[in-house]
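Student: Dropping the sequence and predicted coords here.
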Amino acid sequence: MNAKGEPLKVCASPQAPAGTALPVTPKFKGNAVARYEFPWGDYNAHLQGTLVFQTASWADLRLKERSLLGRVKGYQSLDLSAGVDRDTWNLELALTNVGDIIGETNRSSECTPTVCGQTYIRPLRPRTFSIKFGQRF
């Protein structure tokens, strides 16, 4: 809005010319999961590893906003888990983001970056240890 409270009309020329890369769309994103299940005494056990990788991407389609927000950096993350189950219950130990990689999942602005000037970065979850217990009834 301008000083008179009227909406700004900035759409007279294309804000994203043909061929502009789509936002939040990396050139490559991949997930790989390896899981090994085996008997362990009277239990069913498993070991699992998950690798996530993605290249950098843009946070906005519009060229002016993307120059202010910058690029979302690429990252890779490794998650590990091990668990057992028997009858109606299961127990799992997990370690996510083993390397404690400081990655970005997205960038945004509360309002138009040209007005606010504030960029918010949503980080990848830091290294986290968890214990999960489940019971089926």
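Tutor: Nice, thanks for sending it over. Numbers count the residues shown, from 1 in each chain.
Student: A21 versus L61, what's the distance?
Tutor: 9 Å (C-beta to C-beta, to the nearest Å). To be clear about C-beta, it is placed using only N, CA and C from the backbone, and glycine gets the same treatment.
Student: between these two, who's got more neighbours?
Tutor: L61 (15 against 12; other C-beta atoms under 10 Å).
Student: Kindly confirm my reading that that one forms part of a helix.
Tutor: No: counting by DSSP: H, G, I helix; E, B strand; the rest coil, L61 is not found in a helix; it is coil.
Student: Next one: it from Y75, what distance?
Tutor: For L61, the distance to Y75 - C-beta to C-beta - is 22 Å.
Student: do Y36 as well
Tutor: Taken as C-beta to C-beta, the span from Y36 to Y75 is 26 Å.
Student: ditto for D60
Tutor: As judged by C-beta to C-beta, D60 and Y75 stand 19 Å apart.
Student: what about the chain, any weak spots by pLDDT?
Tutor: 1-3, 5-12, 112-115, 117 (pLDDT under 70).
Student: if you set the cut-off to 80 instead, what comes out?
Tutor: For the chain, the stretches with pLDDT under 80 are 1-14, 110-118.
Student: For the protein, just list every one of the helices.
Tutor: With helices called from DSSP state H, the chain shows them at 63-69, 113-116.
Student: T128: which of the ones you listed is closest?
Tutor: Nearest to T128 among those is helix 63-69 (27.0 Å), distances taken as C-beta to C-beta.
Student: Are there helices or strands packed against that closest one, and which ones?
Tutor: Applying 3 or more C-beta pairs under 8 Å, 6 or more residues apart in numbering; DSSP states H and E, one finds that helix 63-69 contacts helix 113-116.
Student: change it to 10 Å
Tutor: Where contact means 3 or more C-beta pairs under 10 Å, 6 or more residues apart in numbering; DSSP states H and E, helix 63-69 is packed against strand 57-58, strand 104-108, helix 113-116.
Student: tell me which strands and helices the shortest one is in contact with?
Tutor: It refers to strand 57-58. helix 63-69, strand 71-72, strand 104-108.
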